[in-house]
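Student: Would you be able to build a 3D model of this:
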Amino acid sequence: MKLPRPDYYQGILQLRDITEEIISFARNQIKKREDVAITKTVKLGNGVDLYITSQKFIRILGKKLKDSFGGELKISSKLHTKSREGKNLYRVNALFRLSKYRKGDVVMVRGDKVRLISIGKKIFARNLKTGNKLTIRKSDLN
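Tutor: Here you go, the predicted structure:
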């Protein structure tokens, strides 16, 4: 892929509290695409930032990470500049934070055993005794 500049990027995929498996998953997904490249990698204490050349792919990859590994995904955009035609050009940041818990885990919440159905902004679970569906706060899991 030919880049306009060596430091060109359209957004950042921020991976936090992750395992090596997640980093290799993200890199492999990017290698499969010829139109996407990582232009810069910044290692941090609790994760890594990948500077990527495609906004659309950052959103797609964030969703794949959330579906495959569970966890929290936050996508935000920031005005970067204006084009010659006067259009606003944005950069996208996708923050993926791995949760301590995964979909399917059985945990104790308020004295009841529940199975986690989905983990995201809200956590949904099913009570194993009654079969009722619950919405759980993150503070209840800790």
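Student: okay, and for the chain, where does confidence drop off?
Tutor: The chain contains residues with pLDDT under 70 at 1-4, 142.
Student: Return the distance of the longest helix along it from the chain's centre.
Tutor: Longest helix in the chain, counting residues (DSSP state H): helix 55-69. Counting by CA atoms, centre = their mean, to the nearest Å, helix 55-69 is centred 6 Å from the centre of its parent chain.
Student: nearest spatial neighbour of the most centrally placed residue in the chain, skipping sequence neighbours?
Tutor: The residue lying closest to the centre of the chain (CA atoms, centre = their mean) is residue 96, at 2.8 Å. Distances taken as CB to CB, 6 or more residues apart in numbering place residue 65 nearest to residue 96, at 4.9 Å, with adjacent residues excluded. C-beta coordinates here come from the backbone N, C-alpha and C atoms, glycine included.
Student: Could you do residue 10 as well?
Tutor: What sits nearest to residue 10 in space, not counting adjacent residues and going by CB to CB, 6+ apart, is residue 55, at 4.5 Å.
Student: State the distance from the one you found to residue 25.
Tutor: Remark: distance between residue 55 and residue 25 (CB to CB, to the nearest Å) = 20 Å.
Student: just to revisit the earlier point, isn't the residue nearest to the centre of the chain right up against residue 19?
Tutor: No - in this structure residue 96 lies outside contact range of residue 19 using CB atoms under 8 Å: 12.0 Å.
Student: picking that back up, quick one: contacts for the residue nearest to residue 10?
Tutor: Neighbouring residues of residue 55 by CB atoms under 8 Å, 6 or more residues apart in numbering: 10, 11, 77, 90, 91, 92.
Student: now do residue 118
Tutor: Each residue near residue 118 by CB under 8 Å, 6+ apart is listed here: 103, 124.
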